[in-house]
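>>> Got a predicted structure here, sequence first:
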Amino acid sequence: MARLKPKNTITSRAQAEAAMSKLNEIDRHLATWDLDEANAIAEVRQEHSDMQRKGGRPGLEAEKALLIKEVEAWAGEDVGTWEKRSIETPFGSFGFRVSQPTVALIKKIAVKFDVALNSLQMLMPQYVRDVPQIDKEAILADDRAEVLNAVELAKCGLRVAQDDEFWVETNASKDLDAAAKKLRAA
């Protein structure tokens, strides 16, 4: 979309209200299109969902999961007799591959990662991250409570800023927002 430069033709409140009227009309039109699209997508998804359910999809998915578990159980017992760590069949292949290394809990020693973190801090601190971050929430809370030392904060290169922002909200923009949410959910 091309960049548009404002023409600065609005010079009175009446002209601003006329512009808002036009914005509202545009938002209504956009919302109608988005809602129609979201409804059409929802209908198609529901049709496919119903068709798949009637066709037995849940049963097929359950059968697939069971067959995978059965093949995995057999493979776990038989892998020692294989030439490679996988088997090729006319229908596909299966086997075992080494996963990426991960750090996992030993549940008998550390039930949660917090417990492991405490032990690691004492025994092997080189494996504990120390990431300093600015606590912006605390600064804003102290500013609201009027206990923030703004002079000291400025010496640190920070300030609490609150600027005026121009905004436009047409009556139809609520419909447009609802349509956008429905589209994202579809």
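Good, I have the coordinates.

>>> So what touches stretch 56-74?
Phe94 (Cβ atoms under 8 Å, 6 or more residues apart in numbering). In short, each C-beta sits where N, CA and C put it, glycine included.

>>> Give the rounded mean pLDDT of it.
Throughout stretch 56-74, pLDDT has a mean value of 95.

>>> residues of that stretch that come out buried?
For stretch 56-74, the buried set under the neighbour-count rule, 16 or more other Cβ atoms under 10 Å, is empty.

>>> now it: how far from the chain's centre is it?
Relative to the centre of its chain, stretch 56-74 is centred 30 Å away, using Cα atoms, centre = their mean, to the nearest Å.

>>> do the same with stretch 3-20
37 Å.

>>> So for it, mean pLDDT?
The average pLDDT within stretch 3-20 is 87.

>>> Can you give me the end-to-end span of it?
21 Å (Cα to Cα, to the nearest Å).

>>> do stretch 50-63 as well
This stretch, stretch 50-63, spans 19 Å end to end (Cα to Cα).

>>> repeat for stretch 79-94
End-to-end distance for stretch 79-94: 11 Å, by Cα to Cα.

>>> for the record, mean pLDDT for it?
Mean pLDDT, stretch 79-94: 93.

>>> dump the residue contacts of the residue of the chain positioned farthest from its centre.
Farthest-out residue of the chain from its mean C-alpha position, per Cα atoms, centre = their mean: Thr81, at 44.8 Å. Thr81 sits next to no residue when contact means Cβ under 8 Å, 6+ apart.

>>> And Asp78, by the same measure?
No contacts exist for Asp78 under Cβ under 8 Å, 6+ apart.
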